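Trainee: Sequence first, then the predicted structure:
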Amino acid sequence: MASRGAALLTALLIVSVCASVAVGLITGQHLAIRRTANILDRDRSLQIALGGEAWAMGILSRDAKEGNRDHLNEIWASAPPPIPVTGGMASGKITDMQGRFNLNNLLLSGKQSPVDLARFERLLKIVELDPRLAVAVVDWMDPDSLVGNNGGAENPTYLGKSPPYRAANQFFMTVSELRLVEGFDAKAVARLIPLVAALPERTDLNINTAPLELLMTLTERMTREEAMTLDEKRRVIDGFVDVAAFLAEPIFKGKEVLSSGLSVSSRFFLVDGQVQMGRGRMRLFSLLSRNSSNLTVVRRSQAG
């Protein structure tokens, strides 16, 4: 009897081990299948997002052939509804990045640009941030080690942080880089992200696509109501034909206007493509540069 009991116990033990191994193999197989499916969904999402980028390039190319003025009533400025694709949904929009304040305009020939500095200080005040932060942004980019007056910060400030780091001493690559600049935190950057850009060269502000806050930076005494009036006018007339027509508006009468660096056309656009495919999500940001009707991709970034 004892030997039979031992044999039965051994058999049960073997069955238990085999079952555990089988469960482990099946679980591992399911995980591998799911992992492979996720990779395939991500790859398919990326290809669809790249297709959306190509579609946006076609829209912007045709737009350039129709005229040299860019405004918010054009096809590219209207976000299409989500589009069903095999196994998921895709959506996207095009944003004129020259409707935003270009942080890299703050530097002109290695020195701060007075006109752009004044404009950025006004923007900071409009979004309820300390205007002295503008000088810290200039110091972050300029090649010298001189601390700017009234809010500047150079390497001694950054080397004293934990962990220590140095000022970039070059143009911004992305707006999120502001998080590294003295005086900025996540909340401050969040307020600025819809209003600023980090473009690879100096650019003019497109007065036909700039949001109200950017229009208000053109003069010290423009109210939000006056900016809204300008916005309504430019939408009715499909954008101002030139900067002179814009500055001839009655709102500017008696105001000292920072008129340099303005335009009614744009070269840089951001395509924000989003794809939901199976269990995966893909978001592709593509910064495009348009020269006549030719478009090139300046840079891409992804978010899952």
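Mentor: All right, it came through fine.
Trainee: list the contacts for the closest residue to Thr174 other than its chain neighbours?
Mentor: Residue nearest to Thr174 in three dimensions, not counting chain neighbours: Ala198, with 5.4 Å by Cβ to Cβ, 6 or more residues apart in numbering. For every residue, glycine as well, the C-beta is placed using N, CA and C. Applying Cβ atoms under 8 Å, 6 or more residues apart in numbering to Ala198 gives the contacts 102-104, 171-175, 177.
Trainee: swap the cut-off to 10 Å and go again
Mentor: 97, 100, 102-104, 171-178, 287 (Cβ atoms under 10 Å, 6 or more residues apart in numbering).
Trainee: So which of those is the closest to Asp41?
Mentor: Leu287 (25.4 Å; Cβ to Cβ).
Trainee: quick one: that closest one is in a helix?
Mentor: No - secondary structure of Leu287 (DSSP: H, G, I helix; E, B strand; the rest coil): strand, not part of a helix.
Trainee: For it, the count of nearby residues, please.
Mentor: The number of residues packed near Leu287 is 20, by other Cβ atoms under 10 Å.
Trainee: close enough to count as contact, it and Val175?
Mentor: No - contact criterion Cβ atoms under 10 Å: Leu287 and Val175 do not qualify, at 11.4 Å.
Trainee: can you list residues touching both of these two?
Mentor: Common neighbours of Leu287 and Val175 (Cβ under 10 Å, 6+ apart) are 197-198.
Trainee: if we can go back for a sec, if you look at the contacts of Ala198, which of them are in strands?
Mentor: 102, 287 (DSSP state E).
Trainee: I'd like to know which of the contacts of Ala198 are buried.
Mentor: Neighbour counting over the contacts of Ala198 (16 or more other Cβ atoms under 10 Å) leaves 97, 100, 102-104, 171-172, 175, 177-178, 287 as the buried ones.
Trainee: Now do the strands in the stretch 1-150 of the chain.
Mentor: 83-85, 88-96, 101-102, 107-108, 111-112 (DSSP state E, counting those that start in this stretch).
Trainee: just the ones you listed: most buried one?
Mentor: Highest mean neighbour count of the strands of the stretch 1-150 of the chain: strand 101-102, a mean of 24 (counted as mean count of other Cβ atoms under 10 Å).
Trainee: now that one: mean pLDDT?
Mentor: The average pLDDT within strand 101-102 is 98.
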